[in-house]
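A.B. asks: based on what follows, work out the 3D shape:
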Amino acid sequence: MTEAITGAATPATAPRGRGAVVAALMLGMALAALDGTVVSTAVPQIVGDLGGLAVFSWLFSGYLLAVTVTLPVYGKLSDTFGRKPVLIAGILLFLLGSLLCAAAWNMPSLIAFRVVQGLGGGALQGTVQTIAADLYPLKERPKIQSKLSTVWAVSAVAGPALGGVLAGYADWRWIFLVNLPVGLLALWLVWRNLTEPVRREGPPARVDWPGALAVFVTGTALLTALVQGGVAWAWTSAPSLALFGTALAGAALTFHVERRAAEPVIPGWVWKRRTIAAVNLALGALGLLMVAPTVFLPTYAQSVLGLGPIAAGFVLSVMTLSWPVSAALSNRVYGRIGFRWTAVIGISAATLVLLAFPLLPYPGAAWQPALLMLLLGAALGLFQLPLIVGVQSTVGWAERGTTTASVLFCRQVGQSVGAAVFGAVANGVLTSRLGSVPDLAGAAPTEAVRRAVADAVRYVYTGAGCAGVLALLVLLFVAPRRFPVLAD
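C.D. replies: Numbering: from 1, shown residues only. Take a look at the predicted model:
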């Protein structure tokens, strides 16, 4: 594909305005990350005010679905029309969703408005990562990417605490209202400071709207089946079978439509190029394995180790200390041995850490899983960042948005698959040990429950280690020995 800009290596904005744009990107990343987790601790207050206890899980699922299925669409739009209009539209849509959430009158309306938020969040996630690569040459990209990783990690971990404080001392509606000043500041910084290379005159850009709709329907059906299967209904029930059937038919339709589209939303070259295909699969495995620490470790810390919610959160949050530091220093490694081998070292170390978790003594002390999470963060920093920087560096401006979106999309899908698979594994272990899945909220668990939860989480970590092995095999046998990096 020919670059549709003059001077493909030209920075997206002048150096004097770059700091303001970076600040806007960090604010946008913080918004997208916070709103993925901030609602969790405010659920009692929200349900007490609006009702809808039976469907409250869609407050999380609806947002996640909307973010995930729109990533490929926004990636293609940013390559077609530029990053700035897509990012501005995403921020405005996110803020509209936030305002509507604050005004919700019942649970269905709040869920619907969370989906609107997610539609904007998809633009924030993908476009922020793409602009970061546009702004900096290859040698400097680890700095900005490590900053964004830090913002994402801190915001995701701080989200539940912020939600609890606002719900407890103010009103749950402020969870959404606080987005407005932050988002407006980010919007103003982008509007004033982000300039992009001048595009050549040519025929009007065509948008593959049928392909976008097919991708949206397929992704929605698949992710809904994965998120709700085994929770809202059984895996073999009619809703699950109908959703999986819809996803399969949608995938066939998407393939048919995209093959004939002049400018497909998901171009064939995304999977035909070994580098991009390998990174997509490897980061899909990353999403899969990340379910173990982010979803199951807090339950392990509280139910097995007997920690309170804050201390349990700390056991997980130590991973966010080592991850950005390792990511920031990764350029010194891949500058010597290359992107592929740096990622191989990172995922090999991460796999060993994950497989070490089942060897922890029972019940053990809090510092033991905390130490493993510190090591896991350092290992994954060496794994994820070189792959993202590397794959972004193999494409020109006109393909970078699509490439970045495909990587993030695969990671999100991997996370959804991991939640479904490992949730089924954990429930199966608990049922075999106890006869049913216990309610872990409220009263202190009995010794039998503690041992059952410990066994379940150990099985989950073993599965996460297998996902790490899968990522390693992809890097060894699918990824090229050297990434075909383009000159800056």
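
A.B. asks: so residue 152 touches residue 33, yeah?
C.D. replies: Yes - the pair residue 152 and residue 33 passes the contact test of C-beta atoms under 8 Å, sitting 4.7 Å apart. Every residue, glycine included, has its C-beta placed from N, CA and C.

A.B. asks: quick one: mean pLDDT over stretch 269-287.
C.D. replies: Averaging pLDDT along stretch 269-287 yields 93.

A.B. asks: identify the residues contacting it?
C.D. replies: 1, 343, 347, 380, 383-384, 387-388, 390-391, 394-395, 399, 402-403, 406-408, 410-418, 467-468, 470-471, 474-475, 478-480, 483-484 (C-beta atoms under 8 Å, 6 or more residues apart in numbering).

A.B. asks: in it, what counts as buried?
C.D. replies: For stretch 269-287, burial by neighbour count (16 or more other C-beta atoms under 10 Å) applies to 270, 273, 275-287.

A.B. asks: sketch out the low-pLDDT regions of the chain for me.
C.D. replies: Residues of the chain meeting the criterion pLDDT under 70: 1-17, 40-41, 156-157, 160-161, 197-205, 309-310, 439-443, 488.

A.B. asks: which residue is nearest the centroid of it?
C.D. replies: residue 412 (4.9 Å; C-alpha atoms, centre = their mean).

A.B. asks: any idea how far that one lies from residue 69?
C.D. replies: Using C-beta to C-beta, to the nearest Å, we find residue 412 at a distance of 9 Å from residue 69.

A.B. asks: and residue 83, by the same measure?
C.D. replies: 20 Å.

A.B. asks: do residue 141 as well
C.D. replies: 27 Å.

A.B. asks: so for those two, which residue has more residues nearby?
C.D. replies: Shown here are residue 141 and residue 69; by other C-beta atoms under 10 Å, residue 69 has more neighbours (26 against 21).

A.B. asks: the stretch 351-488 of the chain: helices as residue ranges?
C.D. replies: With helices called from DSSP state H, counting those that start in this stretch, the stretch 351-488 of the chain shows them at 367-392, 397-434, 447-477.

A.B. asks: so how many other residues sit close to residue 43?
C.D. replies: 17.

A.B. asks: for it, phi and psi?
C.D. replies: phi -60, psi -40 (degrees, to the nearest 10).

A.B. asks: right, and the helices of the stretch 351-488 of the chain - which one's nearest residue 230?
C.D. replies: Closest approach to residue 230 among the helices of the stretch 351-488 of the chain (C-beta to C-beta): helix 397-434, 5.4 Å.

A.B. asks: buried stuff in the closest one?
C.D. replies: Buried-residue list, helix 397-434, by 16+ other C-beta under 10 Å: 397-423, 425-426, 429-430, 433-434.

A.B. asks: and that helix with helix 367-392, angle?
C.D. replies: Computed with axes from the mean of the first three to the mean of the last three C-alpha atoms, to 10 degrees, the direction of helix 397-434 lies at 150 degrees from that of helix 367-392.

A.B. asks: helix 397-434 to helix 447-477, inter-axis angle?
C.D. replies: 150 degrees.

A.B. asks: show me what helix 397-434 is packed against.
C.D. replies: Helix 397-434 is packed against helix 58-81, helix 107-135, helix 209-228, helix 269-272, helix 274-289, helix 291, helix 367-392, helix 447-477, with contacts defined by 3 or more C-beta pairs under 8 Å, 6 or more residues apart in numbering; DSSP states H and E.

A.B. asks: make CSV out of those and add distance to residue 237.
C.D. replies: Shown next, in CSV, are these (distance: least, C-beta to C-beta, whole Å):
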stretch, distance to residue 237
helix 58-81, 17
helix 107-135, 21
helix 209-228, 10
helix 269-272, 32
helix 274-289, 24
helix 291, 23
helix 367-392, 35
helix 447-477, 23
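
A.B. asks: tell me the domain ranges of this structure?
C.D. replies: 11-196, 208-262, 267-488 (automatic domain parsing).

A.B. asks: that older thread, of all the helices and strands packed on helix 397-434, which lies closest to residue 26?
C.D. replies: Residue 26 lies closest, by C-beta to C-beta, to one member of the helices and strands packed on helix 397-434: helix 107-135, at 8.5 Å.

A.B. asks: roughly how far out does the helix or strand that comes right after the closest one sit from the chain middle?
C.D. replies: Proceeding N to C from helix 107-135, the next assigned helix or strand is helix 141-169, under DSSP states H and E. Its chain's C-alpha centre and that of helix 141-169 lie 13 Å apart, by C-alpha atoms, centre = their mean, to the nearest Å.

A.B. asks: over to stretch 247-255?
C.D. replies: Worked out by C-alpha atoms, centre = their mean, stretch 247-255 lies 23 Å from the chain centre.

A.B. asks: going forward, begin numbering at 48 instead of 1
C.D. replies: From this message on, residue numbering opens at 48, which makes the last subject stretch 294-302.
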